[in-house]
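In: 3D model of this:
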Amino acid sequence: RSTLRPIMADLRNFVGLLCALLLVAGAWGSTLNDKIYTTLSGQAACTRLMNDREQIGCQGPMNGASGVLFQIASTSDVNVFFNNAPSDKYVMLIATSVFANPTSLNALLRSNSVVGMLVYDDSASSAVNFSPDNKQPNFFQGLPLRDGTAWNPVGGGYNRHFSNSSEGLAFMDISIPIFFLSSDDNTTVFQCYSANNAIVGGRMPSYPQCAVELNSFMWGAADTTTCMRRVLCDPLSSQTPFGFVRVYNQSDEMVLVSAPVDTMSFFHPMSYGAEADASAIAVLLAAAELLGRPTNAAVRTLPRNIMFSLFQGEAFGYIGSSRMANDMVRNLFPLSSAPLPISKLTHIIELDQLALTSTNIHLFGHNTTNANSQTIINAITSAAAGTGGAPTAITESASDLPPASLRAFLEEMTDSQKNALGGILLSGYSSTGYTNTKFHSHLDNAANIGFTDASSPVVAKLCKLATVVAKSAFTVAANGTGATLADSAADCTLIADLLTCLTKNQNCSLANTMVGPITPANQPLSRYIGVFYGGMDWSTFFLQRVLAYALASNRTATVSTCTASNNPAAAQYYSLKNGTCVFSATYSWAAMSPAFYPDGSGLRPSYNPRYSTWTESQWASLSMRMFLVDSPAQQAAIVGSGCAVLVFSFVLVYVMQKYIVVPST
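Out: Coordinates of the predicted model:
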């Protein structure tokens, strides 16, 4: 035992020294990493989606993609790159104005030298026409389109399944990572680029140069069936807020006023949709608020009930509307014990893209001549004519119905139900297609609709339209009884507040009143549906609370417990963040395609092929970091030198062990 003591002491000393060395090495490694790399935000990335046919979006290598930055500020820079850049791996620092050009982008995507892209907004971005969606959005879902109208004329530009360039960039399968460069990182990246990578006098820069590493490996692949079997993707899902002007009764005929609550973008976290959905959301909620006022109590006694609904997932195949319509025909909505027969849904007024309309609003329908459709058309035409400053209503009777949630309901109906339904889409565009030249892109922002503050002309325009919609819904629900609104002017301040929250600052005063702070501040409220099965994203949660307040029969309820149960059998209490309690017949309904099992575990064995089957891939992380890189020749020299030193070390040790004799003591 006495012999072992010094050995154990030496061993403890050795272990202590080893631990100290490891701690020093760890601290030094962390410091060295920070000195080499500059971390960028990297959250706005192109990700991968699948449906039952294919995969779309972007995929990065498992270990990340690294390349030297090369700026593409104009289409002419594409030729400069191909003519002058040496054979190496590059990440394109590409302006949105060039990224939106299919010819230039296709050329870069086909190059083996391009391993990734960083997209940034330049001075020309606001003027560019860019829509990454198809020319016929939701072509494969809902009631099929009757003709080949390119409803989204600036969309398309790519060929994947068709040869007519009708497919949009967002629906391509791209094998490199693509990120959007945030304003926070813009200065950092361009300072490094200007100092190290800029081409001066037509000469390529010398090394070292700025490079970036992009990490966006997607686990999902192939199609929805394959990736769900591997448990590597999840169905797009959230909740659809809806509410009634009075408590639901199974015997009531129903007038539905709807709008989409979601939008999309090539970069999902930047789905801002100022015209695509925010304009319609603002009009719907302001119309609901007008009808829900205590002064308009007559609306709660009309022959027909009025339901307001903000359908979720409409940009990806009418997810929310098809789920609600399917649950109606399966006798599940809104209560399995007292379902609403789809035949009781007699009238639908759908709102779409209303901010860019000039002097007219346009009315589309699957059947504009039946009695119920004529009732809506007459009500809207009369309300528009009777509201000073409102646009004139024009019926597009010769046109097919544009892409709309209404198509999801028609797909579920029998022929006789379709012919009887009064279904009208109220839009700001005509039968020639969308006026929004930035549809479903991140450029569809506040500037696109001319919104800055409450004094912007678009606020007054949408306020007039909200009044028209409220009057029209009231008239249809009154069913000729002669009932009138006591208060008939929408709240323009609410319109301005909603546009502020949705298109400029998600941490707005209205959001703080309804649900509390939404961070980060000073950016729009993104409304990509995402994967929120059984829950709500912030945008849906916030807008449901606004709808609850708008339709509340009591906006200052005093109760001991102010909690909502989401039971459509009765009105419920909602607690707002400012301490107010409201009593409202407002609820939420699952927004997951009926093609999936209710628990989202997979596709049903047989489902209507017109249902959405979109799923989102899982991923480990989305990240970017920037660093300086030496020339390939110098990198090779360093590796070669290291290998030479390693070989020399082995030889030296061998020689020393073989030929050097250590004298014994």
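In: Relative to residue 165, how far out is the closest residue to residue 164 other than its chain neighbours?
Out: Distance criterion C-beta to C-beta, 6 or more residues apart in numbering; nearest residue to residue 164, sequence neighbours excluded, is residue 156 at 7.9 Å. All C-beta atoms are positioned from the backbone trio N, CA, C, and that covers glycine. Between residue 156 and residue 165 the computed distance is 5 Å (C-beta to C-beta, to the nearest Å).
In: and if you look at residue 140?
Out: Note on residue 140: its distance to residue 165, by C-beta to C-beta, is 18 Å.
In: Looking at these two, which is more packed in?
Out: Shown here are residue 140 and residue 165; by other C-beta atoms under 10 Å, residue 140 has more neighbours (16 against 13).
In: was I right about the more buried one contacting residue 611?
Out: No. Checked against C-beta atoms under 8 Å, the pair residue 140 and residue 611 is beyond contact range at 9.7 Å.
In: who touches both of the two?
Out: Here residue 140 and residue 611 have residue 317 as joint contacts, going by C-beta atoms under 8 Å, 6 or more residues apart in numbering.
In: Can you get me a residue count around the residue nearest to residue 164?
Out: 23.
In: ok, now residue 528?
Out: Residue 528: 24 neighbours (other C-beta under 10 Å).
In: Show the contacting residues for it.
Out: Residue 528 sits next to 262, 263, 264, 265, 268, 269, 271 when contact means C-beta under 8 Å, 6+ apart.
In: The last one: how many residues sit nearby?
Out: The number of residues packed around residue 271, counting by other C-beta under 10 Å, is 26.
In: what do you get for the fifth one?
Out: Summarising burial for residue 268: neighbours were counted as other C-beta under 10 Å, giving 20.
In: go on, the second one?
Out: Residues contacting residue 263 under the criterion other C-beta under 10 Å number 26.
In: got it, and the first one?
Out: Around residue 262 there are 30 other residues, counting by other C-beta under 10 Å.
In: Residue 271 is in contact with that one, correct?
Out: Yes. Here residue 262 lies in contact with residue 271, judged by C-beta under 8 Å, at a distance of 7.4 Å.
In: list residues touching both of these two?
Out: Residues touching both residue 262 and residue 271 by C-beta under 8 Å, 6+ apart: 315, 527, 528.
In: Turn those residues into CSV, columns for secondary structure, pLDDT and distance to residue 432.
Out: Below are these laid out as CSV (DSSP: H, G, I helix; E, B strand; the rest coil; pLDDT from 0 to 100; distance: C-beta to C-beta, whole Å):
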residue, secondary structure, pLDDT, distance to residue 432
315, helix, 98, 22
527, coil, 97, 27
528, coil, 97, 28
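In: Of those residues, which is the nearest to residue 460?
Out: The closest of those to residue 460 turns out to be residue 527 (C-beta to C-beta; 24.0 Å).
In: Dump stretch 388-400 to CSV, restricted to CA.
Out: Backbone C-alpha positions of stretch 388-400 (Å, rounded to 0.1, in the frame of the first residue of the first chain) are rendered in CSV as follows:
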residue,chain,number,x,y,z
GLY,A,388,-70.0,57.9,-50.5
GLY,A,389,-66.6,57.4,-51.9
ALA,A,390,-66.9,53.6,-52.2
PRO,A,391,-65.8,51.9,-55.4
THR,A,392,-68.4,50.8,-58.0
ALA,A,393,-69.3,47.1,-58.0
ILE,A,394,-68.9,45.3,-61.3
THR,A,395,-70.2,41.8,-61.9
GLU,A,396,-67.7,39.6,-63.9
SER,A,397,-70.5,37.2,-65.1
ALA,A,398,-68.5,35.9,-68.1
SER,A,399,-65.4,35.0,-66.1
ASP,A,400,-64.5,31.8,-64.3
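In: What mean pLDDT does that stretch get?
Out: Averaging pLDDT along stretch 388-400 gives 92.
In: Also stretch 231-244?
Out: For stretch 231-244, the per-residue pLDDT averages 97.
In: what about it, start to end distance?
Out: End-to-end distance for stretch 231-244: 38 Å, by C-alpha to C-alpha, to the nearest Å.
In: What residues sit buried inside that stretch?
Out: The neighbour-count check on stretch 231-244 (16 or more other C-beta atoms under 10 Å) flags 232-244 as buried.
In: quick one on the thing from earlier: which two of the contacts of residue 528 have the greatest separation?
Out: Pairwise distances across the contacts of residue 528 (C-beta to C-beta) peak at 13.2 Å, for the pair 262 and 269.
In: where does the chain have low pLDDT?
Out: The chain contains residues with pLDDT under 70 at 1-32, 633-635, 661-665.
In: residues of stretch 572-581 that come out buried?
Out: For stretch 572-581, burial by neighbour count (16+ other C-beta under 10 Å) applies to 572, 573, 574, 575, 576, 580, 581.
In: Break down the stretch 101-250 of the chain into its strands, ranges please.
Out: 114-120, 173-174, 178-180, 209-215, 233-235, 237-244 (DSSP state E, counting those that start in this stretch).
In: Packing partners of the longest one?
Out: Under the contact criterion of 3 or more C-beta pairs under 8 Å, 6 or more residues apart in numbering; DSSP states H and E, strand 237-244 touches strand 304-311, helix 319-329, helix 538-551, strand 586-592.
In: Send over stretch 123-135 as PDB, restricted to the C-alpha atoms.
Out: Extracted C-alpha coordinates of stretch 123-135, given in PDB (Å, rounded to 0.1, in the frame of the first residue of the first chain):
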ATOM      1  CA  SER A 123     -32.800  50.000 -54.500                       C
ATOM      2  CA  ALA A 124     -34.500  48.500 -57.500                       C
ATOM      3  CA  SER A 125     -36.400  45.800 -55.500                       C
ATOM      4  CA  SER A 126     -39.500  47.900 -54.800                       C
ATOM      5  CA  ALA A 127     -40.100  48.500 -58.500                       C
ATOM      6  CA  VAL A 128     -39.600  44.900 -59.600                       C
ATOM      7  CA  ASN A 129     -42.400  42.600 -60.500                       C
ATOM      8  CA  PHE A 130     -41.900  39.400 -58.600                       C
ATOM      9  CA  SER A 131     -44.200  36.600 -57.700                       C
ATOM     10  CA  PRO A 132     -42.700  33.100 -56.900                       C
ATOM     11  CA  ASP A 133     -46.200  31.500 -57.100                       C
ATOM     12  CA  ASN A 134     -47.700  29.800 -60.100                       C
ATOM     13  CA  LYS A 135     -49.600  31.700 -62.800                       C
END
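In: what's next to that stretch, contact-wise?
Out: So stretch 123-135 is contacted by 95-97, 99-100, 150-156, 166-171, 264-266, 436-441, 443, 447 (C-beta under 8 Å, 6+ apart).
In: and what of stretch 183-193?
Out: Contact with stretch 183-193 is made by 38, 40-41, 69, 71, 93, 118, 120, 181, 210, 212, 624, 626, 628, as judged by C-beta under 8 Å, 6+ apart.
In: Dump the strands of the stretch 101-250 of the chain into JSON lines; add distance to residue 463 as well.
Out: Output for the strands of the stretch 101-250 of the chain, formatted as JSON lines (distance: least, C-beta to C-beta, whole Å):
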{"stretch": "strand 114-120", "distance to residue 463": "35"}
{"stretch": "strand 173-174", "distance to residue 463": "42"}
{"stretch": "strand 178-180", "distance to residue 463": "33"}
{"stretch": "strand 209-215", "distance to residue 463": "44"}
{"stretch": "strand 233-235", "distance to residue 463": "37"}
{"stretch": "strand 237-244", "distance to residue 463": "21"}
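In: Could I get the shared contacts of residue 262 and residue 271 in TSV, plus columns for distance to residue 360?
Out: Listed next are the shared contacts of residue 262 and residue 271 as TSV, based on distance: C-beta to C-beta, whole Å:
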residue	distance to residue 360
315	25
527	27
528	31
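In: Return the member of these nearest to residue 603.
Out: residue 315 (20.3 Å).
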